[in-house]
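Undergrad: Show me the folded form of this:
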Amino acid sequence: MTAEPQQKNSQPGLSAPMRGALWMVLAAASFAALTTVIREVSGSMHPFELAFFRNLFGLLFMLPWLFKSGFKVLKTERLPMHVFRSSIGLVAMLSWFVAVSMMPIAEATALSFTTPLFATVGAALFLGETVRVRRWAATVAGLIGALVIVRPAGIDIGLGAGLVLLASACMSMAALSIKSLSRTETPSMIVLFMGLIMTPMSLVPALFNWTTPQPVDYLWFVALGLFATIGQIALARAFASADVSAVLPFDFSRLIFAAILGYLFFAESPDIWTWLGAAIIFSAALYTAHRESRQARLFRSVQANLVPAVVEKNSTD
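TA: Next up, the predicted model:
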């Protein structure tokens, strides 16, 4: 069900960056809607139980793809990495669901923009990547932006904000594991294994906080699975259509959607500090993505020039 990466110029009509931007906006809207549903239902049901049903119904939406592709897609030699990615992803999900039930969704969304910054730290610590001064400066600037959001707004660095930052840190580690998995696995396989592993794992904490769902609750569960699946598909499409640096700026629309939905459904109005802090965080994240994209293009250019030179040398030997 999740679309596989497409060639960036394989579709007529819109340019690749424009397609990527539209997919990113769709992903942003879907994730904002998902957050709104979590906040709405968390008043009558524990967030841990919501996380279980989100995983369950998300997995159900993936089953048609599994049946169409055949069970051969379950063959993998990287099951331990799938388990690690799903485990750290579950910690991120549970933290995020609890945080959203405790604080305004616009503030939570703004703080979640720190995820790429945590990824920079994780890449340096766990992958041995060289992180230069300017990327470290961008990371520090992003954390300052987070402090701008939680301090002047009077939210204080309480449990809700702390859980968002924990979720962001875990999501960054999950993203790094996905980066590793994507070398051998398709996006659909990664999403499917996530559902297969996270659904039973999330059932355990849900059972300790179980409330018998009412019939109307299943409509919310369908919405949870639907918005999550659409968001994941759109996100994969966005990054498959164009470079990260081209589509990432449009992820900022997630805060706009969150602010609108928060105002319409919960009468929440983010203050100037939220927008200012989000702008600082997002600018830092965008700079980081731009640097990574630039380094990747430089590496591809060197490789492209190196191969003909090697071939020519071998032909003359």
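Undergrad: can we go C-alpha only for contacts and neighbour counts from here?
TA: Noted.
Undergrad: Not counting residues beside it along the chain, what's closest to A141?
TA: Distances taken as CA to CA, 6 or more residues apart in numbering put A284 closest to A141, at 6.4 Å, once the chain neighbours are dropped.
Undergrad: give the contact list for the one you found.
TA: Residues in contact with A284 (CA atoms under 8 Å, 6 or more residues apart in numbering) are 117, 138-139, 141-142.
Undergrad: quick one: contacts of stretch 121-131?
TA: With CA under 8 Å, 6+ apart, stretch 121-131 has contacts from 120, 172-173, 176.
Undergrad: before we move on, what about stretch 141-148?
TA: Stretch 141-148 is contacted from outside by 111, 114, 117, 273-274, 276-285, using CA under 8 Å, 6+ apart.
Undergrad: Which one (most neighbours) among the residues you listed?
TA: I281 (31 neighbours; other CA atoms under 10 Å).
Undergrad: Could you measure from the closest residue to that one other than its chain neighbours over to L63?
TA: Among residues not flanking I281 along the chain, G142 sits closest, at 4.1 Å (CA to CA, 6+ apart). Going from G142 to L63 by CA to CA, to the nearest Å gives 39 Å.
Undergrad: again, but for T139
TA: Computed as CA to CA, the T139 to L63 distance reads 39 Å.
Undergrad: Please say which of the two ends up with more neighbours.
TA: Counted by other CA under 10 Å, T139 and L63 do not tie: T139 has more neighbours, with 24 against 14.
Undergrad: Hmm, the more buried one is touching A119, no?
TA: No: T139 is beyond contact range of A119, at 9.5 Å (criterion: CA atoms under 8 Å).
Undergrad: Out of the contacts of stretch 121-131, which is nearest to A106?
TA: A106 lies nearest to S172 out of the contacts of stretch 121-131, by CA to CA, at 20.1 Å.
Undergrad: Tell me, how many residues neighbour the closest one?
TA: Neighbours around S172, by other CA under 10 Å: 25.
Undergrad: For the strand or helix carrying it, what does the pLDDT average out to?
TA: Using DSSP states H and E, S172 sits in helix 159-181. Mean pLDDT, helix 159-181: 87.
Undergrad: Mind listing what's buried along that helix?
TA: 160-178, 181 (16 or more other CA atoms under 10 Å).
Undergrad: One more: stretch 126-135?
TA: Neighbour count says stretch 126-135 has R135 buried, by 16+ other CA under 10 Å.
Undergrad: Ok, stretch 139-149 next?
TA: For stretch 139-149, by 16+ other CA under 10 Å, it's 139, 141-143, 145-149.
Undergrad: What angle do helix 159-181 and the helix or strand harbouring L143 make with each other?
TA: Taking DSSP H and E as the criterion, L143 maps to helix 133-150. Interaxial angle, helix 133-150 versus helix 159-181 (axes from the mean of the first three to the mean of the last three CA atoms, to 10 degrees): 150 degrees.
Undergrad: Show me what the strand or helix carrying F221 is packed up against.
TA: Here F221, judged by DSSP H and E, is contained in helix 217-241. Helix 217-241 sits against helix 16-41, helix 47-69, with contacts defined as 3 or more CA pairs under 8 Å, 6 or more residues apart in numbering; DSSP states H and E.
Undergrad: Export the helix holding L143 to CSV, keeping only CA atoms.
TA: Presented in CSV, the C-alpha positions along helix 133-150 are these (Å, rounded to 0.1, in the frame of the first residue of the first chain):
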residue,chain,number,x,y,z
VAL,A,133,31.1,23.3,13.5
ARG,A,134,28.3,24.8,11.5
ARG,A,135,26.0,21.8,12.0
TRP,A,136,26.7,21.8,15.7
ALA,A,137,25.9,25.5,15.8
ALA,A,138,22.6,24.8,14.0
THR,A,139,21.8,22.1,16.6
VAL,A,140,22.5,24.5,19.5
ALA,A,141,20.3,27.1,17.8
GLY,A,142,17.5,24.6,17.5
LEU,A,143,17.7,23.8,21.2
ILE,A,144,17.6,27.5,22.0
GLY,A,145,14.4,27.7,19.9
ALA,A,146,12.9,24.9,22.0
LEU,A,147,13.7,26.9,25.1
VAL,A,148,12.0,30.0,23.6
ILE,A,149,8.8,27.9,23.3
VAL,A,150,8.7,26.4,26.7
